[in-house]
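**Q** Below are the sequence and a predicted model; questions follow.
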Amino acid sequence: MRILFISRTYPPIIGGIEKQNYDIAKSLSEIADVRILANTKRGIILPFFAIYALFYALSHLKNFDVILLGDGALSILAYFLKLFTTKPVACIVHGLDITYSNQVYQNLWIRKFIKKQDKLIAVGNETIRQGVSRGIPPEKFVFVPNGVFVKENLPHYTKEDLQKTLGIKIEGPLLLSLGRMVRRKGVAWFIENVMRNLADNVFYIIAGDGPEKQNIIDKINKLNLNGRVFCLGNVDDQIKEMLFCTADLFIQSNIKVAGDMEGFGLVVLEAASYGLPVIASNIEGLPDAIVDGKNGILVDEKNADAYKEKIQHLLQDKCMAKEFGRIAREFVSNNFSWEIIARKYYALLQELIKKKT
């Protein structure tokens, strides 16, 4: 199978879509002939990239069996490609690809461009529900979850290693949240409603950057939690891995925010793949990534008492927490490895090609 994969935002740009696009392109390349056409720079270059990608696809159609688009913003390409070819076009859709509240986007992309895809590969079932509620035919969608690369052997890091690397003191159990700092992640809510009510020997590290970062820092200062809660900003892959290996629990305390949503929750799979117990909010795309009791624990959104109870229970019984982490890692490996997910993509794209021939 010859696939043209087009991504408008790709590493070294940092973000969830960027990582997902890179990972699926890499995984598909191991089982198919994949040509990756990717934009690796932010900013004004994006419109120019879209025009370039369109002309490249049109002029090289004979070299490919199927075109795969990295996110819904690129669905405009399919709209124009369909004027010249019957070759199948599939598009990966994430939560914001559907819920982005800009009126121009809703009128053109949702009502016109996205519907032109032969298949919409949704990373979460909530994405499908949101799309159907906006008039996209349900038969256009198929759910294929994101995946993770599960290491056969995990590196050995200690809290002492982490303290030396970061230059901070951690003298007790460590909670971790990692990802783009936006309001829907619920980090500020968690600090105010849960973290402040945990024992004084519990520490919390937040890694990532974004528009919510300053609000999180202000919340830490206001509650005098500077010695227990640390907002690191973006971290490199080595420190990220060190955090996964040394934290005791991973927290994904998402809250509902109008016009925004968690399409899947890739980072919770990453955490579980390191044997790190995950506690997450039972909303939007997170239940597609976390199977309650298998690779994490789901609690009701904004239920501070439930978060506190689950955290305390796992921190008090370290043997149970370790065993839960082992089971979660095994579950992720058996159900969410990129090798498995890439084969689902392959089968889906193969079926689209057959329908067109």
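**A** Structure's in. What do you need?
**Q** show me where the stretch 151-300 of the chain has helices.
**A** Ranges of helices in the stretch 151-300 of the chain, per DSSP state H, counting those that start in this stretch, are 159-166, 187-193, 213-222, 237-246, 266-273, 286-289.
**Q** out of the ones you listed, nearest to A321?
**A** Evaluated with CB to CB, those place helix 266-273 nearest to A321, the distance being 12.7 Å. The C-beta positions use only the backbone N, C-alpha and C, and glycine is treated the same way.
**Q** State the number of residues packed around N254.
**A** Neighbours of N254 under the rule other CB atoms under 10 Å: 26.
**Q** Give the closest residue to it in space, chain neighbours not counted.
**A** Leaving out its chain neighbours, the residue that sits closest to N254 by CB to CB, 6 or more residues apart in numbering is S281, at 4.3 Å.
**Q** For the one you found, report the pLDDT, please.
**A** Listed pLDDT for S281 reads 97.
**Q** Enumerate every residue touching it.
**A** Taking CB atoms under 8 Å, 6 or more residues apart in numbering, we find S281 in contact with 186, 252-255, 298-302.
**Q** and what of I216?
**A** When contacts are counted by CB under 8 Å, 6+ apart, I216 touches 181, 187-188, 191, 206, 231.
**Q** now swap in A78 and tell me
**A** A78 neighbours (CB under 8 Å, 6+ apart): 67, 69, 89, 91, 113, 116-117.
**Q** Need the max-distance pair from these.
**A** The largest separation in the contacts of A78, counting by CB to CB, is between I67 and F113 at 14.1 Å.
**Q** Those two: who's more crowded?
**A** The neighbour count for I67 versus F113, taken as other CB under 10 Å, is higher for I67 (28 against 20).
**Q** Show me what that one bridges to in the sheet.
**A** Under the criterion DSSP bridges, I67 forms beta bridges with L4, V89.
**Q** Burial check on N107, number of neighbours?
**A** When neighbours are counted by other CB under 10 Å, N107 comes out with 10.
**Q** again, but for the one 4 residues further on
**A** Using other CB under 10 Å as the criterion, R111 is surrounded by 13 other residues.
**Q** ok so it is a helix residue?
**A** Yes: when classified by DSSP: H, G, I helix; E, B strand; the rest coil, R111 is found to be part of a helix.
**Q** does it really touch G135, like I thought?
**A** Yes: R111 lies in contact with G135 (CB atoms under 8 Å); the separation is 6.9 Å.
**Q** For the residue nearest in space to the middle of the chain, give its distance to A258.
**A** For the chain, the residue nearest the mean C-alpha position is L266 (3.4 Å; CA atoms, centre = their mean). Remark: distance between L266 and A258 (CB to CB, to the nearest Å) = 23 Å.
**Q** What of R184?
**A** Distance from R184 to A258, by CB to CB: 10 Å.
**Q** Compare those two and say which is more crowded by neighbours.
**A** Between R184 and A258, R184 has the larger neighbour count (other CB under 10 Å), namely 20 against 8.
**Q** what about the strands in the stretch 51-200 of the chain?
**A** Assigned by DSSP state E, counting those that start in this stretch, the strands in the stretch 51-200 of the chain fall at 66-69, 89-93, 119-122, 141-143, 174-178.
**Q** Between the ones you listed, which one is closest to G285.
**A** strand 119-122 (9.2 Å).
**Q** who does the closest one touch, helix- and strand-wise?
**A** Secondary-structure packing of strand 119-122 (3 or more CB pairs under 8 Å, 6 or more residues apart in numbering; DSSP states H and E): strand 89-93, helix 125-133, strand 141-143, helix 338-356.
**Q** Give me the contacts around the first one.
**A** If I follow you right, that is strand 89-93. Outside strand 89-93, the residues that touch it by CB under 8 Å, 6+ apart are 20-21, 24, 66-72, 74-75, 77-78, 81-82, 114, 116-123, 127, 131, 141, 348-349, 352.
**Q** can you give me the angle that strand makes with helix 125-133?
**A** 110 degrees (axes from the mean of the first three to the mean of the last three CA atoms, to 10 degrees).
**Q** As CSV, could you dump the C-alpha coordinates of strand 89-93?
**A** Presented in CSV, the C-alpha positions along strand 89-93 are these (Å, rounded to 0.1, in the frame of the first residue of the first chain):
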residue,chain,number,x,y,z
VAL,A,89,-9.0,10.4,1.3
ALA,A,90,-9.1,9.6,5.0
CYS,A,91,-8.7,12.2,7.8
ILE,A,92,-7.8,11.8,11.4
VAL,A,93,-10.1,13.9,13.6
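**Q** Tabulate the strands of the stretch 51-200 of the chain in TSV, adding columns for distance to G227 and mean pLDDT.
**A** What follows is the strands of the stretch 51-200 of the chain, written out as TSV (distance: least, CB to CB, whole Å; pLDDT from 0 to 100):
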stretch	distance to G227	mean pLDDT
strand 66-69	47	98
strand 89-93	42	97
strand 119-122	43	97
strand 141-143	44	97
strand 174-178	14	97
